[in-house]
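> okay, here's the prediction I keep looking at, along with the sequence it came from:
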Amino acid sequence: MALLRSGWLWRQTSVLKRWKLNWCDLWIDGSLCFYKNESRRDLEHRVSLKTRCVDVRSGLECGGVSPPESNPRENLVVVQLSNGSTVNLCANSEDESIAWKLTLLDTRRNPVFQYDPYEDSYEAIPINSYHTVYITPGAGPGTHQVLVQRDPFDGVMERMALGLLAGMAAGTAMRSFLFMPFFFC
C-alpha cells in the first residue's frame with residue numbers, strides 16, 4: 001500500500017481535549033493512522049477518511065479550536081467526519097498545514113485506486129452516481145477486481161422491521177394486561 005503523506009502532527013484527544021504529538025501516516029486507501037513514534041509499532045488511533053470525511057479546514061477557517069501552546073492558529077487542520085465529530089490536528093508550520101489539508105482533500109476526492117503491478121503505480125478510478133466501480137477484464141494489465149462501496153442506507157429496512165416487530169410484541173403484551181381486569185369480574 002502506498003503512503004501519501006507522513007510526519008509529526010499534534011492531535012487533540014476526543015475526551016480530555018489535550019494535545020498529543022503523534023507520528024501520522026496517510027495511506028492511499030484513506031486511512032489516517034496515528035502512532036506514538038516513527039517506528040509505527042504502537043497504533044494509537046485510526047480514521048478511515050474514504051467513508052467518513054466530510055470537509056477539511058485549515059488555518060483561520062478552524063473557528064472554535066485553540067492550538068497547542070506555542071503554535072499559531074495558522075497551523076491548525078480540522079477534519080470534519082460524517083458522524084458530526086472532528087479530528088483536530090496542528091502542524092509545525094502554516095505551509096505544512098496547507099500541504100496536509102490538500103493531501104487530505106485529495107484523498108477524499110479520489111476514493112478508489114487500482115494498482116498496476118507492471119507499472120508499479122496506482123491509478124484513480126472515478127465512482128459513478130451509484131457509488132460503484134466496475135473494472136472489467138481486458139481494461140488494463142494486472143489484476144482486475146469489482147469494488148462496490150457499501151450504500152449508507154443499507155440495512156435501514158432491517159432495522160425498521162426489527163423496530164416494528166418489537167413494537168408489535170410490546171403492544172400485544174400491553175393489550176393482554178389491559179384485558180386482565182375483565183377476567184377477574
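Perfect, thanks for sending it.

> what about the helices in the protein?
For the chain, helices defined by DSSP state H occupy the ranges 49-52, 94-109, 156-178, 180-183.

> so which of the ones you listed is nearest L4?
Nearest of the helices of the chain to L4, taken as CB to CB: helix 94-109 at 5.6 Å. In this view, the C-beta of every residue, glycine as well, is placed from N, C-alpha and C.

> can you list the buried residues in the closest one?
Across helix 94-109, burial judged by 16 or more other CB atoms under 10 Å covers E96, S97, I98, A99, W100, K101, L104, L105, T107, R108.

> with those in mind, which one is nearest to L164?
R108 (36.4 Å).

> now do that closest one, the pLDDT please.
Note on R108: pLDDT of 68.

> ends of stretch 9-24, what's the gap?
6 Å (CA to CA, to the nearest Å).

> that one: how far from the chain's middle?
Distance of stretch 9-24 from its chain centroid, counting by CA atoms, centre = their mean, to the nearest Å, is 17 Å.

> make CSV from the buried residues of helix 94-109 and add distance to Y35 to it.
Formatted as CSV, the buried residues of helix 94-109 follow (distance: CB to CB, whole Å):
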residue, distance to Y35
E96, 18
S97, 19
I98, 23
A99, 19
W100, 16
K101, 21
L104, 17
L105, 23
T107, 18
R108, 22
